[in-house]
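*Asks:* need a 3D model of the following:
(2 chains)
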Amino acid sequence: MRAGVVRFPGSCDDVDAVLAARLVGEAELLWHADPDLHDVDAVIVPGGFSYGDYLRVGAIARFAPVMESVIAFAREGGLVLGICNGFQVLCEAGLLPGALLPNDHLRFRCAQADLEVVNADTAFTRACEPGQRLSIPIKHTTGRYYAPEADLEQMESSGQVVLRYAPGANPNGSLRDIAGVCNPEGNVFGLMPHPEHAVDELTGGSADGLRIFASMAEAVDGRVAA
Amino acid sequence: MGASPPDAGVLPGVEDAVALGLTRAEYDLICDKLGRAPNQVELAMFSLLWSEHCAYKHSKKLLRTLPTEGRHVLMGPGENAGAVDVGGGLACAFKVESHNHPSAVEPFQGAATGVGGILRDIFAIGARPVAVLDSLRFGDPETSERARYLLDRAVAGIGHYGNSIGVPTIGGEVYFEPPYEQNCLVNAMALGLGGKDRLMTSAAAGVGNVLVLFGASTGRDGIGGASVLASAELGEADEDKRPTVQVGDPFAEKKLMECSLELLDRGLIVSLQDLGAAGLTSSASEMASKGEVGIDLDVARVPLREAGMEPFEIMVSESQERMLCVCEPGRLDEVLAVCSTWEVHGTAIGEITASGHMRVFDGDRLVGDMPVAALVDDCPLYDLAPERPAAPLYPAGPPVLAPEVGPAEALLALLRSPNIASRLPLFRQYDWLVQSRTVRRPEEADAAVLLLPDGSALGVSIDGNGRRVAADPYRGTVEVVLECAANLACVGAEPLGVTNNLNFGNPEKPPIAWQLTEAVRGLGDAVRALETAVVGGNVSLYNEGAAGPIYPTPVIGMVGRLPDARRAGRLGFARPGDAVAIAGEFHPSLGASELHKLCGAPLPDGLPGVDVGAVRSAIEAVRDAVRDGALTSCHDIAEGGLLVAVAECCLAGGIGATLDLGPSEEPMARLFGEGPGGFVVSGPRAALDALAARVPLDLFGEVGGDALSVTIAGRSLSLPLAELRAAHAELARLFP
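*Replies:* From the prediction side, this is the model:
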């Protein structure tokens, strides 16, 4: 897999995402003002504070020249992973359902989070077992997942709820403990936890995040092989 | 005195100089240096550069006594930050700075811009910022709504800036004491990593080279911050000073940082300097002074945030997120192109001259002309008039515990007290993991640990103890330095260098001058005893209000290295059956302890003497044992004494312990007394026996169970971990 990691002014976790993706393949940075995706196999929209996020989070980034290409890439079935701010950007761009609201406690929260894999049959979780627990850090102020009740029902039944915070471990008031969702086609995935920071036990508290990147590599390389 | 100044207009007089914080004698000296009276631009510039904040006029003579050379030192005091060699071709740049008065006036922006300022100091010398730590002091949160407000907003401000810019906040400390009620302390320390061969200096060089300003545009914010806010006592009308506090924009700083590092990576510039206190005035003058050159600068070319700004306002504005660099004329287009990529408004505003003068133009009009040496080097330095106070400066606080309190009740009260309770409710508001180097998270170990590319690691500690320094400025400061080294030892790190922030009251008052003099003497002696060096620091004076001075608070930041990140020590007990011991020459006493504070005891006049050589031996023995991977856990005994330290080991590991401390004539002093030099260690019996060959070791317990059980002097107590944990979580109440 050759992954492209978008760099907006204000991206913070872009380099960490590149390093994580390189554990399972190749990775390079994609500059926000350049619409050329350089033929990458998958796009990662990383964490941070794109353009400062002084407006609603992700609201400006969705208009970046690179995002027009990312949106087209996603519509054609390309794999797109949004982490934290990237998840917010993908929701703003209409690639993912729902929205991220300020945490119910209104504070930034950094913590190791226990997650539960709800759907292990996606391009982003195929290296996990259904129901498997993952330990991956979170760090955000605006991570409370929200979607209208009817949409949530629909998403649950169609397998779009991919990750949940473990029972009792919801750090932000997300509806139905949702930590990560995908689009109906399953090629766009956003999550608030930071898998790129959990690829080495020494610094990440676990290496569980590697499974997300390994899943993507399997999906891409399998597709290329086929 | 006959010459007329450039662009004379209406000349300010001596009363204007006094209003700007200068003395009459200083004004006369300025006239003498110029051969005439200064005009408005010049007087504004002199008033800032001759302020305590910029000129260190009350502290410079003392600071010169500190040891600044060592085998690891790459860059010592005088540059934007100090730097030490950490191996593998890398330098670690680090420095601590205060933003006390701005934070007392507007805590969110004061703390945020404090972080922004210290980060600029780090990338100005060519290092990428990799971590922030902070040291905070407030009044008593139990009784003071102001203290709770300042704490809440300062923590939010630090998080806002550090989290948004992608630099982890990996550690820090916070204490609460009534003398900080009006004048809180917000000190921030930053570390950066960069190639040791490409550290950048701020000395302007190359006559004919271009001076480029880049970053945010310049506005009327922060005018007079260095002189009005930082170099005078706080008073009642401080709300009026809010316009002198700057507003931070971490997004602008993020772009500024990336732009600066790219300019350095590509070798496009010859010097770099951040704009901090006193804005353009200070940075341009200091660049010229260090390079022994002159600078011609045109304020009409400075991008402004608002129309109609006077030249003096442009020169003294403290608008944040700005840098100055010097480049060769042939590189200017490339420099401006990099600025344009990062959207930071690069503008050529001046050039380097051979004149030795700082000349300020407004277009074609010369509006200021001063010898650089007069501005930067000729501020008079003052001798302090230290005098040991005849009576105690600080009243005893109200008792919250009865003097005859028993050990179980005392332990719970201590764990619950704001100075000892878990700091996680604060730390979890900070991103401590971005950049993927954080090997030990807050409260996992006594020092923060950052992974280096070769598998070794940095250990970092920041510490201060104002109450003990108030009791004995010399020994208290020695203890702080030793505690930093002990913290590093607990993760296996050996000190490479020290930075410090000296937070004191008004040095023109003899008792404060005495505190400052004694503390600096203690700092120098302790740093020499550890054979390390002071590579930089900052001084924050005039920290007092109507109710009196703060506790004298030297804050020490220490950076060390450990060879193997995978063996970094932890503080939590982990293995049932491990033996528990005190390692080191530990002679605790209750004077100036947390327990005595809770009992309302007055501060003692002096602390017991310290055998620094013995403490150093213990530090080295413990460090080696941690590096060998022999110990399961290691924790320095500090606030609250032995039993609090053991309780912290239990809570961090989620496992209990049983201690038998045998007979004791003073059980409370043994359990809760404080003093330097002691460590709580746990590990296999054989490992502790081996450690005993190098350092006094008192085996007294075993890890296991889900309670902390203690027998001492024939009495026993047992507290379930759940009860300890509930007490220790008390600070969470302040962050609902």
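
*Asks:* give me the most central residue, chain B.
*Replies:* For chain B, B:Val96 is the residue whose C-alpha lies nearest the centre (CA atoms, centre = their mean; 3.3 Å).

*Asks:* who in chain A is up against chain B?
*Replies:* A:9-13, A:15-16, A:19, A:48-49, A:51-54, A:105, A:107-111, A:137, A:139, A:194, A:196-197, A:199-200, A:202-205 (CB under 8 Å from any CB of the partner chain). Heads up, the C-betas are built off the backbone N, CA and C, glycines and all.

*Asks:* what about the residues you listed, which are in helices?
*Replies:* The helices, defined by DSSP state H, take in A:15-16, A:19, A:202-204 from those.

*Asks:* tell me which of those residues is nearest to B:Thr113?
*Replies:* A:Val15 (25.4 Å; CB to CB).

*Asks:* residues contacting that closest one?
*Replies:* B:Gln435 (CB atoms under 8 Å, 6 or more residues apart in numbering or on different chains).

*Asks:* which helix is the longest one in chain A?
*Replies:* helix A:210-225.

*Asks:* was I right about A:Asp13 contacting A:Gly47?
*Replies:* Yes. Assessed by CB atoms under 8 Å, A:Asp13 is found in contact with A:Gly47 at 3.7 Å.

*Asks:* who touches both of these two?
*Replies:* Shared contacts of A:Asp13 and A:Gly47, counting by CB under 8 Å, 6+ apart, come down to A:83-85, A:194, A:196.

*Asks:* need the max-distance pair from those.
*Replies:* Every pair in those was compared (CB to CB); the two farthest apart turn out to be A:Asn85 and A:Glu196, at 12.2 Å.

*Asks:* the two - which one has more neighbours?
*Replies:* Legend: neighbour count by other CB atoms under 10 Å in any protein chain shown for A:Asn85 and A:Glu196, higher for A:Glu196 (32 against 27).

*Asks:* sorry, back to before: now, the residues of chain A next to chain B that are in strands?
*Replies:* A:109-111, A:137, A:139 (DSSP state E).

*Asks:* the residues you listed into JSON lines, with extra columns for pLDDT and distance to B:Leu332?
*Replies:* As requested, those are exported to JSON lines (pLDDT from 0 to 100; distance: CB to CB, whole Å):
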{"residue": "A:Arg109", "pLDDT": "96", "distance to B:Leu332": "45"}
{"residue": "A:Cys110", "pLDDT": "97", "distance to B:Leu332": "42"}
{"residue": "A:Ala111", "pLDDT": "95", "distance to B:Leu332": "47"}
{"residue": "A:Pro137", "pLDDT": "97", "distance to B:Leu332": "44"}
{"residue": "A:Lys139", "pLDDT": "97", "distance to B:Leu332": "40"}
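
*Asks:* which of the residues you listed tops the neighbour count?
*Replies:* Counting by other CB under 10 Å, top hit in these: A:Lys139 with 28 neighbours.

*Asks:* chain center to the helix or strand of chain A with the lowest mean pLDDT: distance?
*Replies:* Counting by mean pLDDT, DSSP states H and E, the weakest-scoring helix or strand in chain A turns out to be helix A:210-225, with a mean of 88. Put simply, helix A:210-225 sits 15 Å off its chain's centre (CA atoms, centre = their mean, to the nearest Å).

*Asks:* also stretch B:119-126?
*Replies:* Mean C-alpha position of stretch B:119-126 versus that of the full chain (CA atoms, centre = their mean) differs by 15 Å.

*Asks:* what's the answer for stretch B:515-529, then?
*Replies:* Here stretch B:515-529 is found 17 Å from its chain centre; the criterion is CA atoms, centre = their mean.

*Asks:* can I get that stretch in PDB, CA atoms only?
*Replies:* What follows is stretch B:515-529 as a C-alpha-only set of coordinates in PDB (Å, rounded to 0.1, in the frame of the first residue of the first chain):
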ATOM      1  CA  GLN B 515      16.200  35.100  49.600                       C
ATOM      2  CA  LEU B 516      17.400  35.600  46.000                       C
ATOM      3  CA  THR B 517      21.100  35.700  46.900                       C
ATOM      4  CA  GLU B 518      20.900  32.600  49.100                       C
ATOM      5  CA  ALA B 519      18.900  30.700  46.500                       C
ATOM      6  CA  VAL B 520      21.300  31.400  43.700                       C
ATOM      7  CA  ARG B 521      24.200  30.400  46.000                       C
ATOM      8  CA  GLY B 522      22.300  27.100  46.700                       C
ATOM      9  CA  LEU B 523      21.600  26.600  43.000                       C
ATOM     10  CA  GLY B 524      25.200  27.000  42.100                       C
ATOM     11  CA  ASP B 525      26.500  24.800  44.900                       C
ATOM     12  CA  ALA B 526      24.100  22.000  44.100                       C
ATOM     13  CA  VAL B 527      24.700  22.100  40.300                       C
ATOM     14  CA  ARG B 528      28.400  22.000  40.900                       C
ATOM     15  CA  ALA B 529      28.100  19.100  43.400                       C
END
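
*Asks:* list of residues touching that stretch?
*Replies:* Contact with stretch B:515-529 is made by B:59, B:62-63, B:65-67, B:384, B:386, B:469-470, B:473-478, B:480-482, B:498, B:500, B:502, B:504-505, B:507, B:533-534, B:541, B:552, B:554, B:556, B:612-613, B:616, as judged by CB under 8 Å, 6+ apart.

*Asks:* rewinding a little: which neighbouring elements make contact with the least confident helix or strand of chain A?
*Replies:* Judged by 3 or more CB pairs under 8 Å, 6 or more residues apart in numbering or on different chains; DSSP states H and E, helix A:210-225 is in contact with helix A:14-22, strand A:79-83.

*Asks:* what pairs with B:Pro549 across the strands?
*Replies:* B:Glu544 (DSSP bridges).

*Asks:* flag the shaky bits of the chain, pLDDT-wise.
*Replies:* Let's take chain A. Chain A contains residues with pLDDT under 70 at A:223-226.

*Asks:* meant chain B, my bad for not saying
*Replies:* B:1-4, B:8, B:222-244.
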